[in-house]
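S.K.: Here's a sequence, model it:
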Amino acid sequence: MDSNHETGSPRHPQSSHSTETVPLLHPAKTAPVTGPAPVAMFPSVVAAFVTATGFLCMGYTLGYSSPATHDLQAVNGSVVTHGANIKLDSSALAWFGSLVSGGAMVGGFVAGLVAEFAGRKLGMMMCSLPFCGGWSLLAFGDTVAALYAGRFLTGMAAGMVTSIGPIYIAEVVPPEVRGRLSTVSQIMMMVGILTVYALSTVVPSYKWLAIIGIGLSAFHVTGVVFLPETPRWYLARGRRSDAKASLVWLRGAGALQAVEDECASIEAALESRPRESIAYREFTKPALRRPLLISLALMFFRQWSGITAVVFYAGIIMKSAGFHNANQASIILAGLQVVFTAIGSALTDKAGRRVLLAASGIGMCVASVAMGVYYKEVIGVVFADVSWKLQIMAVVALGVYVSAFSVGLGAIPWLVMAEIFPNRARSAASGMVTFFNWGMSFIVTLTFFHMSEAFGLDVVFWLYGGVCLALVLFVIFCLPETKGRTLEENERLFATPSSINSLHSSERVVLVGDSGY
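M.R.: The predicted structure is shown next:
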């Protein structure tokens, strides 16, 4: 019996030459090995981190308030309004701190226009103009008006960063790593706060800190120069060749097929996007009114928990709590913010939004009450000396306060806002909610000194604690869980009153009786 019959193969006249066909078949068998090159992740990671240096500058701006107000605070009422050694009373210090938030309200609006018409990259580069201009006024200005203008301009730049930075990252990072890289900006902001707190222990004055701020701004814009514009912005304007060049930079020169596929996907998404702009009167309808009220409430709780006042005036708060070296205690608090922001980012998709927000509110409430008791029973009179053991108690309370904020209330309100609005309303809603957030920040930082003088720091912290308790109740009774749901499912939650009511009745049990899974 011949070999062909033994193997079950049909007889062919030229079967003796079958071995010559093996090389011809070999390329087909190994074709999958030589398929399209994998998409490179490293360029996108670099782009995200370079963008996040803008949040480093923003954190530096927010944290700058603490050492600067500590240096500028007048002692025994000796106010100096001109010259190299300006000293301000509590009312002027309140304006110095709060004008950052006022500038951010304007910056967010300006950035939205710039990012839409001039591009995301140019928008990020333009952040350096108010940053450098503001820091220059703070470093070299010799009048109160110059200091106010410097704070407003640096705040304006910070508002531009918060508006443009997340858009750029979302549009250049591949979906599979977008979730992890989206937390980089929040962590870098905390690193910026820690940086300025740490430098304040070795830098002689707030003016030198401002000069370093100029350097950080220059570092940010230098990095952005080398980044590409986002492919989505190019494709929205019909510039396909530019979009492909941008994607080649971001995904790697070997991933040409992936670049072509992503271009087609973005084009399809742009084609399916509604052409008409949403009218603001539509936010009076239940489907948009409910998510808008939830987002505004979360931002209200976020700001009136007092966190902005604590970050802006950490040095003065520590000094009033009896610390002789308040800057070192502030560094500890900033370090805790960095660590617990990272922990919160890791837990968001595991524990859920509601559980972390409730835990955040409970921790901040307890810590605020403890600080109120400390000021009422221990300090009694501002600037009184206390033992180091009691000082440690205050540091622990404030440590719990900032840690609890960082693990939940710091980032989750922004995440929930992005998840509960339909796509057609997300941009308009984001603008309103962001404006409201900075407006509340402006009011909280402006009124902190006035309330402290009128009622005492004990009452101020008890007020913040009461707001945190109200947050917990709001989360239990009003906030739906968005973890594990698609954006379309979240949109349907607010379609009818019955859907949201039934959701609340079931999720209250999950929050208090389960881990949230």
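S.K.: export stretch 337-351 as PDB, just CAs?
M.R.: Extracted C-alpha coordinates of stretch 337-351, given in PDB (Å, rounded to 0.1, in the frame of the first residue of the first chain):
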ATOM      1  CA  GLN A 337      -3.500  64.000  50.500                       C
ATOM      2  CA  VAL A 338      -1.200  62.600  47.900                       C
ATOM      3  CA  VAL A 339      -1.300  59.100  49.400                       C
ATOM      4  CA  PHE A 340      -5.100  58.900  50.000                       C
ATOM      5  CA  THR A 341      -5.900  60.400  46.600                       C
ATOM      6  CA  ALA A 342      -4.000  57.400  45.000                       C
ATOM      7  CA  ILE A 343      -5.900  55.000  47.400                       C
ATOM      8  CA  GLY A 344      -9.200  56.600  46.500                       C
ATOM      9  CA  SER A 345      -8.400  56.300  42.800                       C
ATOM     10  CA  ALA A 346      -7.700  52.500  43.200                       C
ATOM     11  CA  LEU A 347     -10.900  51.900  45.200                       C
ATOM     12  CA  THR A 348     -13.400  53.900  43.000                       C
ATOM     13  CA  ASP A 349     -14.300  51.100  40.700                       C
ATOM     14  CA  LYS A 350     -14.200  48.500  43.500                       C
ATOM     15  CA  ALA A 351     -16.100  50.000  46.400                       C
END
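S.K.: what's the distance between it and the middle of its chain?
M.R.: When C-alpha coordinates are averaged (CA atoms, centre = their mean, to the nearest Å), stretch 337-351 and its chain have centres 13 Å apart.
S.K.: ditto for stretch 428-445
M.R.: On CA atoms, centre = their mean, the centre of stretch 428-445 falls 14 Å from the chain's centre.
S.K.: same question, stretch 354-362
M.R.: 18 Å.
S.K.: would you put the C-alpha positions of it in PDB?
M.R.: Below are the C-alpha coordinates for stretch 354-362, written out as PDB (Å, rounded to 0.1, in the frame of the first residue of the first chain):
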ATOM      1  CA  ARG A 354     -21.600  56.000  47.100                       C
ATOM      2  CA  VAL A 355     -19.700  54.000  49.700                       C
ATOM      3  CA  LEU A 356     -16.600  56.200  49.300                       C
ATOM      4  CA  LEU A 357     -18.500  59.400  49.400                       C
ATOM      5  CA  ALA A 358     -20.400  58.300  52.500                       C
ATOM      6  CA  ALA A 359     -17.100  57.200  54.200                       C
ATOM      7  CA  SER A 360     -15.500  60.500  53.200                       C
ATOM      8  CA  GLY A 361     -18.400  62.500  54.700                       C
ATOM      9  CA  ILE A 362     -18.300  60.500  58.000                       C
END
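S.K.: Contacts made by it with the rest, please.
M.R.: For stretch 354-362, contacts defined as CB atoms under 8 Å, 6 or more residues apart in numbering pick out 298, 301, 305, 344, 347-348, 404-405, 407-410, 412, 468-469, 471-472, 475-476, 479, 481, 507, 510-511, 515-516. Quick note: C-beta positions are derived from backbone N, CA and C, even for glycine.
S.K.: how about 7 Å then?
M.R.: Stretch 354-362 has contacts (CB atoms under 7 Å, 6 or more residues apart in numbering) with 344, 347-348, 404-405, 407-409, 412, 468-469, 471-472, 475-476, 479, 481, 507, 511, 515-516.
S.K.: give me the low-pLDDT residue ranges for the stretch 251-400 of the chain?
M.R.: Low-confidence segments of the stretch 251-400 of the chain, defined by pLDDT under 70: 273-277, 322-326, 379-389.
S.K.: for the chain, longest helix please?
M.R.: For the chain, the helix with the greatest residue count under DSSP state H is helix 423-455.
S.K.: Give the buried residues for the following helix or strand past it.
M.R.: Using DSSP states H and E, the helix or strand that follows helix 423-455 in sequence is helix 457-478. Neighbour-count burial for helix 457-478 flags 457-458, 460-465, 467-472, 474-476 (criterion: 16 or more other CB atoms under 10 Å).
S.K.: now the longest helix of the chain against helix 457-478, angle please.
M.R.: Put simply, helix 423-455 runs at 150 degrees to helix 457-478, going by axes from the mean of the first three to the mean of the last three CA atoms, to 10 degrees.
S.K.: And helix 423-455, what's buried?
M.R.: For helix 423-455, by 16+ other CB under 10 Å, it's 424-426, 428-430, 432-442, 444-446, 448-449, 451-452.
S.K.: Also stretch 128-148?
M.R.: Applying 16+ other CB under 10 Å to stretch 128-148 flags 128, 130-139, 141, 144, 146-148 as buried.
S.K.: Now the two most distant members of those.
M.R.: Maximum pairwise distance in the buried residues of stretch 128-148, criterion CB to CB, is 25.3 Å, between 128 and 144.
S.K.: Confirm residue 201 sits in a strand?
M.R.: No. Counting by DSSP: H, G, I helix; E, B strand; the rest coil, residue 201 falls outside a strand, being coil.
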